[in-house]
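# I need the structure of the sequence given here:
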Amino acid sequence: MTHATTTTAAPAADSVPFERWLASRGQRTEHALERVLPPAATHPARLHEAMRYAVLGGGKRVRPLLVHAAGEAGGAPASALDCAACAVELVHAYSLVHDDLPCMDDDVLRRGRPTVHVRYGEALAMLVGDALQALAFEVLAASSAHGASAAATTAMVAELARTAGSVGMVGGQAIDLASVGAALGREALEDMHRRKTGALLRASVRLGALCAPDAGAAAEARVHRLQALDRYADAVGLAFQVVDDILDVEGDAATLGKTAGKDAQSNKPTYVSALGLDAARRLAGQLREQAHEAIAPLGEAAHSLAGLADLIVLRKS
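I've put the predicted structure just below:
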């Protein structure tokens, strides 16, 4: 990270109204991403221009918001959370660039704009994804200079690497590609999406929690907090995909910022195709309740996490 080091803890999430917190942390993340991405004019300029195009100026920033909410619940340093938030968003952006390629989902629209391979060509899009993934770990490794302990930084790097790899996000995408035209049962569908979508959302919560200092918290209390956050992350990670599947049926390209109805056109198994639209809606509501129940023991410190659970399930795009 290029900004000055500080170990100041982020403001408590419960001290700020959720909408204001949401705008503040979203803006903070955008500024942090602008700083860690190489300037567009940096040689090779077209690659760096495309990297910035892939990351900046769009997206809900749900993963960075989860990092900040989970970290603030434990009193984590604000600049350490910036590192973790940027890292998960860079990995997410890389995955979208690669997922949109013709050899994967073959999509032409993302966040209301032409996808990276449409704008810059397939070869450069591949390199953009590779570079964003590498940058994510460079940024995360710097978190020890911004208030996170060395042990926490090592744990975060391992967590994100495992999440992004063959047993997590990449594995989920491989299962997704192999499942086109297949009739997956609910258990197999959940396994695929807990890897492809849920894993990075869960890692976002865990990275935020890992940024929080060990001092002042009894080991048992810390374990209980992490367990509560894990249960919360499992629920919102699955809910995010269920709602995505619903929106793919109910939404339109203008609202979604991406091609609507693509799953059905591609004959992909979804929660809607497996359960039906009404049952998928009920499942999303149940997962929202589970998320709230999971963090209830954390009290007001989990105010923003509760708001994010609502945002994930009730969103329209």
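# show me the shaky parts of the stretch 51-200 of the chain.
Low-confidence segments of the stretch 51-200 of the chain (pLDDT under 70): none present.
# quick one, strands of it?
109-110, 113-114 (DSSP state E, counting those that start in this stretch).
# so which of those gets nearest Ala301?
Nearest of the strands of the stretch 51-200 of the chain to Ala301, taken as CB to CB: strand 109-110 at 34.7 Å. Any C-beta I mention is one placed from the backbone N, CA and C, and that applies to glycine too.
# what pairs with the closest one, parallel or antiparallel?
Using DSSP bridges, the strands paired with strand 109-110 are strand 113-114 (antiparallel).
# off-centre distance for the partner strand?
20 Å (CA atoms, centre = their mean, to the nearest Å).
# what of stretch 34-49?
23 Å.
# just stretch 274-294 next, same as before
19 Å.
# send me that stretch as CSV with only the CA atoms.
The C-alpha coordinates for stretch 274-294 follow below in CSV (Å, rounded to 0.1, in the frame of the first residue of the first chain):
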residue,chain,number,x,y,z
ALA,A,274,-33.1,-27.1,-9.2
LEU,A,275,-35.7,-25.8,-6.7
GLY,A,276,-38.0,-23.5,-8.6
LEU,A,277,-38.3,-19.7,-8.3
ASP,A,278,-40.5,-19.6,-5.2
ALA,A,279,-38.4,-22.2,-3.3
ALA,A,280,-35.2,-20.3,-4.2
ARG,A,281,-36.7,-17.1,-2.8
ARG,A,282,-37.6,-18.9,0.4
LEU,A,283,-34.1,-20.4,0.7
ALA,A,284,-32.6,-16.9,0.3
GLY,A,285,-34.8,-15.7,3.1
GLN,A,286,-33.8,-18.6,5.4
LEU,A,287,-30.1,-18.0,4.7
ARG,A,288,-30.6,-14.3,5.7
GLU,A,289,-32.2,-15.4,9.0
GLN,A,290,-29.3,-17.8,9.6
ALA,A,291,-26.8,-15.1,9.0
HIS,A,292,-28.5,-12.8,11.5
GLU,A,293,-28.7,-15.7,14.1
ALA,A,294,-25.0,-16.5,13.7
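# buried stuff in that stretch?
274-275, 280-281, 283-284, 287-288, 290-292, 294 (16 or more other CB atoms under 10 Å).
# ok, so of these, who is nearest Gly112?
Distances from Gly112 to the buried residues of stretch 274-294, taken by CB to CB, are shortest for Ala284, at 23.9 Å.
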